Structure formats: structure tokens, C-alpha cells
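Asker: coords please:
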Amino acid sequence: MSRLRPTLQRENAIWQAGGGLVAGVDEVGRGPLAGPVVAAAVVFPAFARPIRGLRDSKMLPHAKRVRLAALVRLNALAVGVGAASVHEIDRWNIRRASILAMRRALARLSVRPAHVLVDGLPCPELGCAHEAIVDGDALCHSIAAASVVAKTVRDLLMSRLAPRYPAYAWESNKGYATAEHLAALDAQGCTVHHRKSFSPVVQLELAMGASSEEEIVVFEAGEVPLRVE
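Answerer: Alright, predicted model coming up:
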């Protein structure tokens with residue numbers, strides 16, 4: 001497990017230079033076989049104090065992640081959440097869908113940041129000037145905060161879907177390719193929430209010749225999913 005702790009070093013440098021508001025942006029859910037990709041954007045007040053215990057969401061147990069997400073929302077100046085659906089992932093590919101989710105998260109902020117910090121590599125399609133930080137969720141406080149918020153929102157969505165599709169164990173695997181999930185795919189086939197461009201789902205689709213209409217997940221700005229129909 002990484003010993004890195006995200007800091008406000010980059011944000012403080014911008015604030016001290018009079019650079020204005022800073023948004024940290026991150027996405028979660030690139031790898032699962034099912035469910036949307038979700039992104040969050042978090043803006044802290046200038047010269048905010050760090051939130052104790054905040055880390056990359058992957059490094060945190062569920063209960064602590066939920067607690068920290070609540071603290072982020074309490075202490076942040078603004079939080080925006082966006083998503084790209086399974087249909088958009090299959091249509092555009094996961095990279096483009098992830099950037100689309102990030103664009104939506106930024107658009108749903110109640111303030112306009114002067115600087116945007118993004119986890120990973122530069123994203124020309126993001127549509128705004130930004131600074132990309134490799135391992136940003138482990139190094140940068142605002143990006144780590146966005147990672148935690150996005151992860152809790154996506155996990156909640158998959159947990160809400162799980163009772164409708166109990167064989168796939170989404171309440172525990174959140175759509176990732178665990179042995180139980182793969183066994184359910186083999187036995188039950190795929191659902192409308194599966195990414196049909198992802199292997200092994202695509203192989204199953206080819207074998208079965210099945211297709212179905214994508215369900216729409218509606219997000220309110222900065223909030224958890226309100227409706228799945």
C-alpha cells in the first residue's frame with residue numbers, strides 16, 4: 001500500500017500567487033464490466049486546511065471513505081458530480097466517456113474555478129485549461145477529495161442496482177470482474193447495465209447475439225443518483 005499522503009502544496013502555490021479558485025477533478029469506474037463511469041470536481045476555499053485522513057479513494061476502507069466524502073462536502077466551497085452512461089462508454093470508448101464525465105462534473109460546480117487539476121495525463125478533450133498530475137489522487141488534496149466523492153457516489157449507485165440483479169453481487173464487487181461476477185455472466189448473461197464493448201461481455205454478446213436498450217441514470221448536480229429506471 002502506498003505511503004503517499006496528498007497535500008495542498010499545489011493548491012497553496014496557486015493561492016499564494018493570487019491564482020484564484022482551484023478545482024481538483026478525478027473519475028472512478030474505468031475498469032468495471034458494469035455501470036457508469038463517475039467523476040467529481042471539488043473546489044476548496046483559498047488557504048483551506050487539509051482534511052485529516054484524506055487519501056486516494058482506492059486506499060480507503062468503505063466506512064472511512066463515506067465519512068471523508070461527507071467531510072469533503074462539508075468543507076468544500078463547491079462539489080460537482082458527473083457521469084457517462086454505459087451507452088456512452090460503448091459508443092465512445094472508456095477514455096472519452098471518462099473525460100465526458102469530468103466535463104459534466106466541472107459544469108455542475110456552483111463556482112467557476114480559475115485552475116483545474118486533473119489526475120493522470122493531459123486531456124485535450126476536457127475543453128478547458130488544466131494541469132495534469134500523474135498519481136494526482138495520491139499527491140494532491142483536491143484531486144484526492146474528488147476521488148473520494150466520485151467513488152462513494154458510484155458505489156452507492158451500484159449498491160442500489162444490486163437488489164435488482166442479485167446474481168452479479170454488485171453490492172460487493174461494484175461491477176468489477178470478480179470470480180462471482182464472471183460466473184453470473186456465464187450463467188445469466190448480461191444486463192442493460194453491462195458494458196458491451198468490454199471483454200468478456202463483448203464475447204458473451206457475440207455468442208448470444210443479444211442486445212437491449214440502455215437504461216438512463218439521472219444525476220442531480222453535485223448529488224448522488226436520484227433515479228434508476
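
Asker: and the helix or strand harbouring E171, average pLDDT?
Answerer: Using DSSP states H and E, E171 maps to helix 170-173. The predicted model assigns helix 170-173 a mean pLDDT of 97.

Asker: any idea how far it is from the middle of the chain?
Answerer: Computed by CA atoms, centre = their mean, to the nearest Å, the chain-centroid distance of helix 170-173 equals 16 Å.

Asker: now swap in stretch 123-139 and tell me
Answerer: The answer for stretch 123-139 is 14 Å, by CA atoms, centre = their mean.

Asker: likewise for stretch 139-155?
Answerer: 7 Å.

Asker: returning to what we had before: which strands or helices does the helix holding E171 pack on?
Answerer: helix 141-161, helix 179-188 (3 or more CB pairs under 8 Å, 6 or more residues apart in numbering; DSSP states H and E). (C-beta placed from N, C-alpha, C; glycine too.)

Asker: list the contacts of stretch 106-117.
Answerer: Contact with stretch 106-117 is made by 10-11, 14, 19-25, 41, 43, 77-82, 126, 128-131, 133, 136, 140, 142-143, 221-222, as judged by CB atoms under 8 Å, 6 or more residues apart in numbering.

Asker: now the residues you listed: which count as buried?
Answerer: Buried residues within those, counting neighbours by 16 or more other CB atoms under 10 Å: 10-11, 14, 21-25, 41, 43, 77-82, 126, 130, 133, 136, 140, 142-143, 222.

Asker: just the helices in the chain please.
Answerer: 9-16, 62-75, 86-92, 94-107, 136-139, 141-161, 170-173, 179-188, 201-208 (DSSP state H).

Asker: so of the helices and strands packed on helix 170-173, which one's packed in deepest?
Answerer: When these are scored by mean count of other CB atoms under 10 Å, the highest mean neighbour count falls to helix 141-161 (a mean of 27).

Asker: show me what that helix is packed up against.
Answerer: strand 22-28, strand 37-43, helix 62-75, strand 78-84, strand 115-119, helix 136-139, helix 170-173, strand 225-228.

Asker: quick one: work out the angle between it and strand 78-84.
Answerer: Calculated by axes from the mean of the first three to the mean of the last three CA atoms, to 10 degrees, helix 141-161 forms an angle of 50 degrees with strand 78-84.

Asker: distance from helix 141-161 to the middle of the chain?
Answerer: Worked out by CA atoms, centre = their mean, helix 141-161 lies 6 Å from the chain centre.

Asker: hang on, the earlier thing: mind checking the helices and strands packed on helix 141-161 for the one nearest to K151?
Answerer: strand 22-28 (4.7 Å; CB to CB).
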